[in-house]
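> got a structure for you, letters missing:
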């Protein structure tokens with residue numbers, strides 16, 4: 001066979017083999033189409049918010065690309081090593097019979113690395129666990145964002161209620177100012193009391209302005225979770241006053257195994273074990289075989305040649321990498337234990353905080369606020385009848401609205417700790433729309 005013909009035949013065979021054996025997964029054959037984002041308007045529920053986070057949050061999108069990158073890495077690790085094409089020219093350019101190219105020997109050969117000890121399968125196996133880890137990291141990030149978005153949702157609900165409360169206070173301050181002016185005009189109160197009422201009205205207006213700015217900040221923070229800085233929604237469909245009867249600590253503790261931050265450690269351990277197995281397989285040397293043709297110019301003959309080479313594992317038996325992989329396996333085992341203890345400790349802290357907030361909300365709702373309302377109504381009625389002074393009325397008014405503000409603050413703490421609790425046990429966060 002002519003050397004040039006042999007070279008063309010080998011090249012064509014390699015091309016056909018690669019064309020038939022290499023195929024990309026569907027996700028890698030096209031670029032992910034971008035989803036056009038439309039800023040939501042109208043009234044949003046928590047479900048609407050979480051859907052927007054899922055589709056448009058840029059940080060979550062970045063994690064999804066890492067999942068796809070690991071899928072591609074699994075493909076790459078499953079591929080066979082490429083064959084090598086080599087050419088050698090010998091016995092030329094010398095003296096005597098080897099002068100020029102008359103006595104040259106041309107060799108064309110193809111070499112193929114044969115991996116022993118099942119290296120390719122073990123490499124692919126390890127890459128699959130890396131992909132599992134990327135999946136768990138994506139799920140953990142999704143839960144993180146859902147939890148933070150739910151907390152921001154509660155903050156906006158509370159900010160809306162604070163605005164309503166501040167408007168009520170401003171309206172009430174105006175009514176009290178009018179009542180004081182009437183009594184001053186009738187000579188029943190000192191003009192100094194009217195000045196105090198003016199100050200109280202201005203203070204209530206300032207507080208209303210502050211709550212208005214706080215609402216803008218809370219709305220913008222919520223919109224940031226779907227990648228926006230200019231919210232267009234008009235309100236939220238939720239009830240900040242809704243509290244749920246809580247289960248026992250054992251109920252939540254029994255669900256902690258659903259936490260992706262803990263589940264991922266199983267995949268992490270499997271990946272580290274696969275890495276140890278892969279490094280151990282690398283201690284077995286691979287074999288390279290070659291085959292080709294030699295053309296001898298002087299007689300004009302062609303002969304076939306075959307070859308085999310194998311490294312001798314005398315000095316490097318991959319012992320360092322094996323020890324490294326084993327040490328990282330032990331490290332992962334200890335980190336997994338630490339993660340379990342840390343999560344269980346957080347569960348105790350968050351659960352007790354939620355119980356405390358829940359009990360405070362019941363106390364404020366059932367006792368403190370009703371009593372404060374009764375005291376304020378009595379003070380206002382008594383003031384109009386001349387039984388109480390303006391300071392008594394002002395003190396009753398301040399006590400009532402401070403209690404309502406404290407109620408909202410505790411409700412926010414309750415919803416935040418409830419969201420944190422459900423994050424620890426890996427469940428969904430929901431806000432009821434029942435009326436207060």
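Sure thing, it's come through. None of the values given here were measured: they were computed from a predicted structure.

> Validate this expectation: residue 188 resides in a helix.
No - Residue 188 is assigned coil when assessed by DSSP: H, G, I helix; E, B strand; the rest coil, not a helix.

> thought it was touching residue 387?
No - between residue 188 and residue 387 there is no contact under C-beta atoms under 8 Å: 11.9 Å. C-beta: built from backbone N, CA, C; applies to glycine.

> chain center to the helix or strand hosting residue 48: distance?
Per DSSP states H and E: residue 48 is located in helix 46-56. Mean-position distance between helix 46-56 and its chain equals 14 Å (C-alpha atoms, centre = their mean, to the nearest Å).

> ditto for stretch 306-318
On C-alpha atoms, centre = their mean, the centre of stretch 306-318 falls 46 Å from that of its chain.

> List the contacts of that stretch.
For stretch 306-318, contacts defined as C-beta atoms under 8 Å, 6 or more residues apart in numbering pick out 109, 111, 279-280, 282-292.

> so how far does it reach from one end to the other?
Terminal residues of stretch 306-318 lie 29 Å apart, using C-alpha to C-alpha, to the nearest Å.

> which of the residues in it are buried?
residue 318 (16 or more other C-beta atoms under 10 Å).

> got it, and stretch 378-390?
379-380, 383, 388, 390.

> Quick check: helices, which of the residues you listed are part of them?
With DSSP state H as the criterion, helices contain 379-380, 383, 390 from among the buried residues of stretch 378-390.

> could these be laid out in a markdown table, adding distance to residue 144?
Compiled in a markdown table, these are given as follows (distance: C-beta to C-beta, whole Å):
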| residue | distance to residue 144 |
| --- | --- |
| 379 | 48 |
| 380 | 48 |
| 383 | 52 |
| 390 | 52 |
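
> hang on, the earlier thing: name the member of the contacts of stretch 306-318 with the most neighbours.
Neighbour counts for these, by other C-beta atoms under 10 Å, peak at residue 292, which reaches 22 neighbours.

> Check which residues of the helix or strand hosting residue 209 are buried.
If you go by DSSP H and E, residue 209 is part of helix 191-224. Using 16+ other C-beta under 10 Å as the test for burial, helix 191-224 gives 193-194, 196-197, 200-201, 204, 207-208, 211, 214-215, 218-219, 221-223.

> The stretch 201-350 of the chain: strands as residue ranges?
232-236, 287-296, 301-309 (DSSP state E, counting those that start in this stretch).

> re the thing from before, distance between the helix holding residue 209 and the chain's centre?
In terms of C-alpha atoms, centre = their mean, the centre of helix 191-224 is set 37 Å apart from its chain centre.

> what's it packed up against?
The contact analysis (3 or more C-beta pairs under 8 Å, 6 or more residues apart in numbering; DSSP states H and E) places helix 191-224 against helix 119-185, helix 390-424.

> CSV please, covering the ones you listed and showing mean pLDDT.
Output for the helices and strands packed on helix 191-224, formatted as CSV (pLDDT from 0 to 100):
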stretch, mean pLDDT
helix 119-185, 91
helix 390-424, 91
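
> what's the spacing between the closest residue to residue 144 other than its chain neighbours and residue 416?
Closest residue to residue 144 apart from its sequence neighbours, by C-beta to C-beta, 6 or more residues apart in numbering: residue 423 at 7.2 Å. Distance from residue 423 to residue 416, counting by C-beta to C-beta, to the nearest Å: 11 Å.

> What is the nearest of the buried residues of stretch 378-390 to residue 360?
residue 379 (25.2 Å; C-beta to C-beta).

> so who does that closest one touch?
388, 392-393, 395-397.

> Just the buried ones out of the residues you listed, please.
By 16+ other C-beta under 10 Å, the contacts of residue 379 give 388, 392-393, 396-397 as buried.

> follow-up on the earlier one: any idea how far the residue nearest to residue 144 is from residue 145?
Using C-beta to C-beta, we find residue 423 at a distance of 10 Å from residue 145.

> Then residue 398?
40 Å.

> the more surrounded of these two?
Set residue 398 next to residue 145 and count neighbours by other C-beta under 10 Å: residue 145 wins out with 19 against 14.

> Touching, that one and residue 58? I think so.
No - if you go by C-beta under 8 Å, residue 145 and residue 58 don't touch, sitting 10.5 Å apart.

> Apart from its chain neighbours, what residue comes closest to the residue nearest the centre of the chain?
Centroid-nearest residue in the chain: residue 141, 1.5 Å away (criterion: C-alpha atoms, centre = their mean). Spatial nearest neighbour of residue 141, excluding adjacent residues (C-beta to C-beta, 6+ apart): residue 63 at 4.8 Å.

> count of neighbours near residue 69?
By other C-beta under 10 Å, neighbour count at residue 69 equals 13.

> Check residue 260 too.
Other residues near residue 260 come to 18 when the count uses other C-beta under 10 Å.

> Verify the stated contact: it with residue 143.
Yes - with contact defined as C-beta under 8 Å, residue 260 counts as touching residue 143 (6.5 Å).

> got any residues that touch both of the two?
Common neighbours of residue 260 and residue 143 (C-beta under 8 Å, 6+ apart) are residue 426.

> Name all residues that make contact with residue 268.
Going by C-beta under 8 Å, 6+ apart, the list of residues near residue 268 reads 129, 133, 332, 335-336.

> again, 6 Å this time
Residues near residue 268 by C-beta atoms under 6 Å, 6 or more residues apart in numbering: residue 332.
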